[in-house]
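**Q** Okay, sequence plus prediction incoming.
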Protein chains: 2
Amino acid sequence: MDQIKEITRKQTTVYDGHIIKVRLDEAELPDGTTAPREVVVHPGGVGIALEDDEGKFFFVTQWRYGQEKVMLEYPAGKKEPGEDPLTTAKREIIEETGYEGEGFVRLGSLVPTPAYDTEVIELYYARQGKFVGQHLDEDENINLSKLTLDEITQKILSGEVDDAKTVAMTFLIKEFKAGGRL
Amino acid sequence: MDQIKEITRKQTTVYDGHIIKVRLDEAELPDGTTAPREVVVHPGGVGIALEDDEGKFFFVTQWRYGQEKVMLEYPAGKKEPGEDPLTTAKREIIEETGYEGEGFVRLGSLVPTPAYDTEVIELYYARQGKFVGQHLDEDENINLSKLTLDEITQKILSGEVDDAKTVAMTFLIKEFKAGGRL
């Protein structure tokens, strides 16, 4: 690993925004030369698969501005600074679905954009608990729906669903269920 | 869909870099109010699963600067401006593995970061063809290895592999093979 490690020699913040920062760094490569490295700095987030008593999962449909389209995804949200990801998951699942999660199981973590972004998404599974009411952010417009694992798998294979965490989580849930871990 | 669409009212480029641009836009929400939207603009890329005659797939291991660690991933690369993704895939698989791909099959596309990034990754499967030699970029340090689908699945489930496209592609390949499409 040391043979391919790159060492930060200079760090410059070129944009300091609402959700992201962007740095343009100078990295020392293993051969001693340097190269520019752009990094989007993001606090990280969570994705939560919430299953009801009938084997259906909650999904959110929302306008994704950067993609200029509506996307169907597992509920998700970003961490507050320094927040433990399980705390984020418990908060976000209520905010987006109105239901508490019970018996949270960590499915793993996911690096969506390894080439230029610090973001890591922690993935959780939970069972539907008590209804306590949705709390969406002011600028969030979300439609809720429920699908079985087979239904979401079909949407993935047909290309209708292409959100990376949703694809990964669906198959991780299947593997966890097949292995008796859920 | 029209009820949740957000319309761009103002576009401002706040960073124009090597690989990415960043925009801070003003979007009009369905209720007529406006909200800021940060967008990382990326040309998009490809991921390629190259299978040899023994059922093993090529993987690249490299230092991922933004994640500050070594990551194992399917070969991948970004599109040149205006490039057809299949052309990118055919070029990148040679550059990173030294082998041509044969019989390319599109597995689908993936949105790694729907909340704030335009990036879309097109996913391909191909069979190992003729050896023509690696052509790495000057600042690329890549180690090649080969793994079976079972071996990469174990690394995903153990948490050792967390690259989103690698997780998604592994399970898509399994579904395509189970459905007789590969």
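**A** Structure received.
**Q** Relative to the whole chain's centre, how far out is the lengthiest helix in chain A?
**A** Using DSSP state H, we find that the single longest helix of chain A is helix A:164-178. What separates the centre of helix A:164-178 from the centre of its chain is 13 Å, taken as Cα atoms, centre = their mean, to the nearest Å.
**Q** what's the answer for stretch A:31-50, then?
**A** On Cα atoms, centre = their mean, the centre of stretch A:31-50 falls 13 Å from the chain's centre.
**Q** tell me the average confidence for that stretch?
**A** In this model, stretch A:31-50 has a mean pLDDT of 96.
**Q** same deal with stretch A:9-18?
**A** Here the average pLDDT along stretch A:9-18 is 96.
**Q** go on, stretch A:79-94?
**A** Taken as a whole, stretch A:79-94 has an average pLDDT of 96.
**Q** could you dump it to CSV, C-alpha only?
**A** Coordinates of each C-alpha in stretch A:79-94 appear next as CSV, following Å, rounded to 0.1, in the frame of the first residue of the first chain:
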residue,chain,number,x,y,z
LYS,A,79,-25.0,13.6,8.4
GLU,A,80,-24.8,16.7,10.6
PRO,A,81,-21.2,17.6,11.4
GLY,A,82,-19.8,15.0,13.8
GLU,A,83,-23.0,13.0,13.9
ASP,A,84,-22.9,9.2,14.4
PRO,A,85,-24.4,7.7,11.2
LEU,A,86,-26.9,5.5,13.1
THR,A,87,-28.3,8.7,14.7
THR,A,88,-28.6,10.2,11.2
ALA,A,89,-30.4,7.1,10.0
LYS,A,90,-32.9,7.1,12.9
ARG,A,91,-33.6,10.8,12.3
GLU,A,92,-33.9,10.7,8.5
ILE,A,93,-36.2,7.7,8.3
ILE,A,94,-38.7,9.5,10.5
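**Q** Could I get the buried residue list for that stretch?
**A** A:K79, A:P85, A:T88, A:A89, A:K90, A:R91, A:E92, A:I93, A:I94 (16 or more other Cβ atoms under 10 Å in any protein chain shown). (Glycine included, C-beta is placed from N, CA and C.)
**Q** Which of these fall in helices?
**A** A:P85, A:T88, A:A89, A:K90, A:R91, A:E92, A:I93, A:I94.
**Q** Out of those residues, which is nearest to chain B?
**A** Comparing those against chain B with Cβ to the nearest Cβ places A:E92 closest, at 12.6 Å.
**Q** For the nearest residue in space to A:K165 that is not next to it in sequence, list each beta-bridge partner.
**A** In space, and not counting its chain neighbours, A:K165 is closest to A:G47: 4.4 Å by Cβ to Cβ, 6 or more residues apart in numbering or on different chains. Taking DSSP bridges as the rule, A:G47 bridges to A:A76, A:L123.
**Q** where's A:G47 relative to chain B, distance?
**A** 11 Å (Cβ to the nearest Cβ, to the nearest Å).
**Q** before we move on, what about A:Y125?
**A** 14 Å.
**Q** looking at it, that residue is touching A:E51, isn't it?
**A** Yes. Counting by Cβ atoms under 8 Å, A:Y125 does reach A:E51; the two are 7.1 Å apart.
**Q** Looking at these two, which has the bigger crowd around it?
**A** A:Y125 (25 against 21; other Cβ atoms under 10 Å in any protein chain shown).
**Q** Tell me who's in contact with the more buried one.
**A** Residues near A:Y125 by Cβ atoms under 8 Å, 6 or more residues apart in numbering or on different chains: A:I48, A:A49, A:E51, A:F104, A:V105, A:L107, A:I173, A:F176, A:L182.
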